[in-house]
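Undergrad: Need a 3D model of the following:
(2 chains)
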Amino acid sequence: MVGGRLRRRSRDSGTASIAEALLWLGPALILIIGVVLYPAITLVATSFGRYSITGLRSGDAGVSNYVGFLTSPDLPRVVGNTGVWVVAVVVLTIATSLALAQFLSKSFFGRRFVRWAVIVPWAAALVISSQLFRLIYDYYHGILNQLLLALHVIRKPIDWLGDPHFTMISMVLVGVFVSIPFTAYLFVAGLNGIPADVYEAARIDGGRPWQIYRQITLPLLRPAILIGVVLNMIYVFNSFPIIWILNGSNPGFGNDTMITYMYKLAFRSAQHDVGLSAAAGVFNVIVILIAVAVYLRFVNWRESSDA
Amino acid sequence: MKKSLRLGAVVASVAVPTLALASCSSTGGTTSGSTSGVSSIKVVIAEYSKDHTKTFWDAFARKYQKTTGVKLNLQIINWNDLDQQSSTMVQTGNVPDILNENAYASYAADGLLYNSDEVLPAETKADIIPAFVKSGTYKGKFYGMPDLSSARALFYNTDLFTKAGIAKPPTTWDEFTAAAKKVTALGNGAVGYAQPLGPEEAQAEFAIWLFNNGGDFKKNGKWTLNSAANVKTLEYMKGLSVTDKVTQNNPGSTNRTDGAFSLFEQGKAGMVVGFSPLQGALGTQYPGVKYAIAPMPSGNKAAPQTYGVTDYLMSFKKKGNESAVKAFYKLYYSPTEINTWIKAEGFLPVTTTGLKQFGSDPKLKVYLDTLPNIHLTPTDDPEWDKIKGTIAQNIGLAIAPNGDPKKFLDDLQAQAEAGK
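TA: Modelled structure (predicted):
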């Protein structure tokens, strides 16, 4: 419908020349070519090359980088970690943000202050937040252990980042912490977009609060939740600093996700191979595209976006 | 229409961060001039410290420019990013003229470097301590010009030793274990030995111990990674945390700088393997910690071995840059330059003149005496660059309670031999 109207108007006023069109599209095209297309082509080209440890290309590798990556013994563990990491962070973020958005959209004394407080983790660079949590989680000097010991919750300190039982949980909590601001504000905007008269009508019909939430708020918030899930999936999957820094002193690949594994393949491992790492990079793009597509199919995206 | 547009947006937002990580851009570059040489050179330096590296190299660049008329474009890069950045430079064909790194043999093997015959004045080469010339020599040619060196020794907290009733630093492994046990028994958070086997620099910690047990990484041109002495060493190192429980919590996940050193600086650790920059930090920032330095205890009753490290200033073959590179080395190795920097950073000299100049400093005596006979890692073998990475990344798993030192070293040996 929109397209039809546009077409008619452009026919009325005559067709723009190609040069004119390029003038308008130019900046965007340059950006897309420079930032998306060129790196993508370089990445794919690199993944088919044979590289020395110094980064010197010594010839074509065919598909051997892909074979090497897909048969690497660490891969199943890394893929499993990535799944746990993405699902746990996204689910916890969405759930917490829904509650928080509900709270932030009510008016109460000091709301402005609370809203600012929620936005702070977003304003801080991920690297800085991660370093901060590294200090908080520290076995010897960390405030978390000192607090729990003082409260007699635990009897001896917990190695939050070094003990394999706790590493992933500790990282997930930081992931949720830094993802909440964006998601919560997305939901606040969504809640503000729901007309007050719908609620009024529901109340007049005798709806209980929980009923109203489930049958009015959640369905009308659906577009915001969809966007929140998709964007968070992508951000969290691609999140590098949190895992890199919090897992930085652990040996091996036991807590790595695909993104940090890719980096280690290139610069921190026995392989030390840029080509292998590029193959991992291509694989990563495909995996997250499939994950997003599956999710969108699962929630019937088309139906809701056309509604 | 609408849908495909949105899908495009999703594709773009998925792809961009992933790709940005994998493909990096590099800046700068050198414009080759006429046959008479180049008008500028690009010099990439590792950041040894926030305080001194930039100060020295900025002044150096000015001096170089003044004496040669060639512009020196300086780029200082953090150690954490250096591998990635230098790899990108080579990948994109945008190599610097001079690169400061902790490995050179792979670059030499790829045919990217000048050797000393081409760019190093003969008298400069003669001044470099022979042990470092040897470690910088790949296939008979000297490519890895050393910029500075460091040697490791055993630091022990004398307050904790006195409290635990230990009269003198340990000279054998049995004495070492006993001393560590006594310090640990003091309680109150005391740690007998701070053992850094996390991925930062675990190969150094391993090297120090195995050199003092008659072990080595390579002997007579053959890899000896899983030799009996090495296996015994790693088992002993594992025992310190697993059976004797005299180390800090989880050594396999403890890095050197922010882990083991910081415990020693807090006065919590009885012993740690340290080097002169730690000495500097203790002197200026943690004057409350009373400590002394001793040679490493020996596992095989032989004389103590000193483990040393040197980094390199290598030069890349580029059209017309020989004379500019030669002038760079000439200026860098002049005693006022190199020794000023080494002193500021708290490291050790690599030249004979430097040895003499530093010899007057009593604090450095314990290291300087060992420097000519220093025991280095096989940096002259490109394969070592990968072996080193594997040790650093995975040794922590081998010394974990469920780890298997022998299997780890067998795998390492297999990796090294397969690389040939």
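Undergrad: Can you tell me the SS state at the residue in chain A that chain B sits nearest to?
TA: For chain A and chain B, the shortest gap (CB to the nearest CB) falls at residue A:251, measuring 2.8 Å. (Glycine included, C-beta is placed from N, CA and C.) Put simply, residue A:251 is coil when judged by DSSP: H, G, I helix; E, B strand; the rest coil.
Undergrad: and the nearest residue to it once chain neighbours are set aside, helix, strand or coil?
TA: With sequence-adjacent residues excluded and distances taken as CB to CB, 6 or more residues apart in numbering or on different chains, residue A:251 is closest to residue B:396, at 2.8 Å. Following three-state DSSP, residue B:396 is assigned to helix.
Undergrad: Show the contacting residues for residue B:396.
TA: By CB atoms under 8 Å, 6 or more residues apart in numbering or on different chains, the contact set of residue B:396 is A:250-252, B:197-199, B:202, B:251-253.
Undergrad: How many residues are close by residue B:92?
TA: Neighbours of residue B:92 under the rule other CB atoms under 10 Å in any protein chain shown: 15.
Undergrad: Tell me where the model's unsure across the chain.
TA: I went with chain A, as the question did not name one. Filtered on pLDDT under 70, chain A yields the residue ranges A:1-14, A:301-307.
Undergrad: if you could check chain B rather than the one you did, that'd help
TA: Within chain B, the segments meeting pLDDT under 70 span B:1-36, B:420.
Undergrad: middle-most residue in it, spatially?
TA: Centroid check for chain B by CA atoms, centre = their mean gives residue B:309 as the closest residue, at 5.4 Å.
Undergrad: Over to chain A?
TA: Closest-to-mean residue, chain A, CA atoms, centre = their mean: residue A:235 / 1.9 Å.
Undergrad: Help me confirm that that one comes into contact with residue A:178.
TA: No. The pair residue A:235 / residue A:178 is not scored as a contact, 9.3 Å apart, by CB atoms under 8 Å.
Undergrad: Top of the contacts of residue B:396 by number of neighbours, please.
TA: Among these, residue B:197 has the most neighbours (other CB under 10 Å), with 34 neighbours.
Undergrad: what secondary structure does it sit in?
TA: Applying three-state DSSP: residue B:197 is coil.
Undergrad: thought it was touching residue B:397?
TA: No. The criterion here is CB under 8 Å, and residue B:197 misses it with residue B:397 at 9.6 Å.
Undergrad: tell me, what's touching the two both at once?
TA: A:251, B:252.
Undergrad: Quick one: the strands in the chain, in order.
TA: Going with chain A. A:49-51, A:57-60 (DSSP state E).
Undergrad: other chain: chain B
TA: With DSSP E as the criterion, chain B has strands at B:40-47, B:71-78, B:98-101, B:137-138, B:141-142, B:146-151, B:153-157, B:191-193, B:218-219, B:222-223, B:269-274, B:291-294, B:308-315.
Undergrad: Adjacent strands (with direction) for the third one?
TA: I take that to be strand B:98-101. Strand B:98-101 has the following sheet partners, assigned by DSSP bridges: strand B:40-47 (parallel), strand B:308-315 (antiparallel).
Undergrad: With distance to residue B:367 as added columns, please give those strands in JSON lines.
TA: What follows is those, written out as JSON lines (distance: least, CB to CB, whole Å):
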{"stretch": "strand B:40-47", "distance to residue B:367": "21"}
{"stretch": "strand B:308-315", "distance to residue B:367": "9"}
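Undergrad: what about residue B:336, how many neighbours?
TA: Neighbour number of residue B:336 under other CB under 10 Å is 10.
Undergrad: nope, residue A:220 is what I was after
TA: Counted with other CB under 10 Å, the neighbours of residue A:220 add up to 15.
Undergrad: these two touch, right, it and residue A:199?
TA: No. Residue A:220 is beyond contact range of residue A:199, at 10.0 Å (criterion: CB under 8 Å).
Undergrad: Sweet, I'm off.
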